[in-house]
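> Predicted model and sequence below, questions to follow.
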Amino acid sequence: SLEIDSAPSGRTGLRLSTPERSYRLTMPLAGAHQALNAATAIRAAELLAPDFLFEPRAIERGVERVRWPGRLERFIVRGRNVWLDGCHNPEGAASLAAFLRAAAPGADLVFAAMADKDVESMAQALAGAVGEIRLVPVAGSRAATPEQLKQRLASVFPDARPAPSLAAALEEFLSRAGGKPIIVAGSLYLVGEARQLLLGGSLERVHS
């Protein structure tokens, strides 16, 4: 059996009972889907333990120390939660939407995707889970332009607007009062660019 406690901080608690033993863990990954992934990994480790000499505490440490950059990764910028998530398919978008509804309802979305991705189904999955949307360019010959994304998402998100860059979209949302969370999602290329920008710290400075 598995019980899950998700927190807005980006940590997930899980209480898991397997045929071998019971666990009570806190994992530094956000989202109920990550708890399900952890439960699967724990059970697999238990089944492998006789051959690989896993100790229960080693399994617990592994879960408690796991890291996954760019997968519901949380930054705090000017006191605002900024999440990064490389949800580049409809299933990933559905997991992201479930997290946002529980932990960050109405988050403003910065979105980009490759042209060959099923962005229409991704939009359907995210409908009702996000607030305002900015569509941004991302590097790569396969990338959809913001204008192309606007056309493809119009039936679900008619108010989604192109922005000249990721930095411009983030700055627009961060400059607003109200403290709404922000999610940067879609292309893994976009998430990589966002990590560089956020780790560089330039957005911490308030621009005039």
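The structure has been received and is ready for your questions.
> what number of residues lie near residue 115?
14 (other CB atoms under 10 Å). (Glycine included, C-beta is placed from N, CA and C.)
> for residue 18, what are its contacts?
Shown in contact with residue 18 (CB atoms under 8 Å, 6 or more residues apart in numbering): 42, 43, 46.
> in the protein, which spans are strands?
Ranges of strands within the chain are 2-6, 12-17, 22-27, 71-77, 80-85, 107-112, 130-135, 161-162, 182-186, based on DSSP state E.
> coming back round to it: could you redo the contacts of residue 18 as JSON lines and give each row distance to residue 26?
Converted to JSON lines, the contacts of residue 18 look like this (distance: CB to CB, whole Å):
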{"residue": "42", "distance to residue 26": "14"}
{"residue": "43", "distance to residue 26": "19"}
{"residue": "46", "distance to residue 26": "19"}
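> Type out the ChimeraX command that picks the buried ones from those.
Filtering these down to the buried ones (16 or more other CB atoms under 10 Å) takes a single ChimeraX command:
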select :42,46
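> can you list the weak-confidence ranges in the chain?
6-10, 31, 33, 49-54, 66, 68-69, 205-208 (pLDDT under 70).
> rewinding a little: between the strands of the chain, which one is closest to residue 204.
strand 71-77 (6.3 Å; CB to CB).
> Can you tell me the strand partners of that closest one and which way each runs?
strand 80-85 (antiparallel) (DSSP bridges).
> Now do the strand it pairs with: distance to the chain's middle.
Centroid separation between strand 80-85 and its chain, computed with CA atoms, centre = their mean, to the nearest Å, is 8 Å.
> How about stretch 27-44?
Counting by CA atoms, centre = their mean, stretch 27-44 is centred 15 Å from the centre of its parent chain.
> correct me, but residue 88 touches residue 113?
Yes: the pair residue 88 and residue 113 passes the contact test of CB atoms under 8 Å, sitting 6.8 Å apart.
> just the helices in the chain please.
With helices called from DSSP state H, the chain shows them at 32-52, 56-65, 90-103, 119-126, 146-153, 166-174, 188-200.
> Please identify the buried residues of stretch 38-58?
Here stretch 38-58 shows 38, 39, 42, 45, 46 as buried, counting by 16+ other CB under 10 Å.
> for stretch 184-198, same thing?
184-195, 197-198.
> As PDB, could you dump the C-alpha coordinates of that stretch?
The C-alpha coordinates for stretch 184-198 follow below in PDB (Å, rounded to 0.1, in the frame of the first residue of the first chain):
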ATOM      1  CA  VAL A 184       8.400  26.900 -17.400                       C
ATOM      2  CA  ALA A 185       7.500  23.700 -19.200                       C
ATOM      3  CA  GLY A 186       7.400  21.800 -22.500                       C
ATOM      4  CA  SER A 187      10.600  21.400 -24.400                       C
ATOM      5  CA  LEU A 188      13.700  20.000 -22.600                       C
ATOM      6  CA  TYR A 189      15.700  22.500 -24.500                       C
ATOM      7  CA  LEU A 190      13.600  25.300 -22.900                       C
ATOM      8  CA  VAL A 191      14.100  23.800 -19.400                       C
ATOM      9  CA  GLY A 192      17.900  23.600 -20.000                       C
ATOM     10  CA  GLU A 193      17.900  27.300 -21.000                       C
ATOM     11  CA  ALA A 194      15.800  28.200 -18.000                       C
ATOM     12  CA  ARG A 195      18.100  26.300 -15.600                       C
ATOM     13  CA  GLN A 196      21.100  28.300 -17.000                       C
ATOM     14  CA  LEU A 197      19.300  31.600 -16.700                       C
ATOM     15  CA  LEU A 198      18.000  30.900 -13.100                       C
END
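> Please consider this matter closed, and thank you.
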